[in-house]
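Visitor: Sequence plus the predicted model coming up.
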Amino acid sequence: MRTDAFLVAAALSLSGCSSLDSGARYNCSTHLWCTDHGTYGRDPVSGDPVWVTSAITRTYRGETYYFQSEDHAREFVAAPERFAYDDREAERRRDR
């Protein structure tokens, strides 16, 4: 499982709206990465990958956010605009 987390972390560091070399497929509309080992999101507070089946979730402006801990979820709820998805940023990364 540690190897899977490493591969997902590597994929997340290259995030964009295209297929990643590690085999992870990023979906811009759901902000999730699908791999052969499961589906992952990114904790917007820490930036770390989170396996969605065990993540803590919150919804903001119709988007689901995934967290590693309740502390991260509370930090997000206190200032969601600071951590909210910015699809324009993903597009800028993809266009580089």
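Guide: Nice, thanks for sending it over.

Visitor: Show me where this structure has its helices.
Guide: For the chain, the helices defined by DSSP state H cover 2-13, 70-78, 80-83, 87-95.

Visitor: Now stretch 53-67: buried residues?
Guide: Neighbour-count burial for stretch 53-67, counted by 16 or more other C-beta atoms under 10 Å, picks out 55, 56, 58, 65, 66, 67. Every residue, glycine included, has its C-beta placed from N, CA and C.

Visitor: likewise stretch 70-78?
Guide: Neighbour-count burial for stretch 70-78 [16+ other C-beta under 10 Å]: 72, 73, 75, 76.

Visitor: got a markdown table for those residues, with distance to residue 26 and pLDDT too?
Guide: Conversion of the buried residues of stretch 70-78 to a markdown table gives the following (distance: C-beta to C-beta, whole Å; pLDDT from 0 to 100):
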| residue | distance to residue 26 | pLDDT |
| --- | --- | --- |
| 72 | 21 | 97 |
| 73 | 23 | 98 |
| 75 | 24 | 97 |
| 76 | 21 | 97 |
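
Visitor: between these, which is nearest residue 44?
Guide: residue 76 (6.2 Å; C-beta to C-beta).

Visitor: Pull the contacting residues for residue 80.
Guide: Counting by C-beta atoms under 8 Å, 6 or more residues apart in numbering, residue 80 touches 60, 61.

Visitor: repeat that with 6 Å
Guide: Contacts of residue 80 were listed using C-beta atoms under 6 Å, 6 or more residues apart in numbering, and they are residue 60.

Visitor: so what's it scoring on pLDDT?
Guide: Looking at residue 80, its pLDDT reads 95.

Visitor: Filter the buried residues of stretch 53-67 down to just the ones in strands.
Guide: Counted as lying in strands by DSSP state E, out of the buried residues of stretch 53-67, are 56, 58, 65, 66, 67.

Visitor: mind checking how far the fourth one is from residue 45?
Guide: The span separating residue 66 from residue 45 equals 10 Å under the rule C-beta to C-beta, to the nearest Å.
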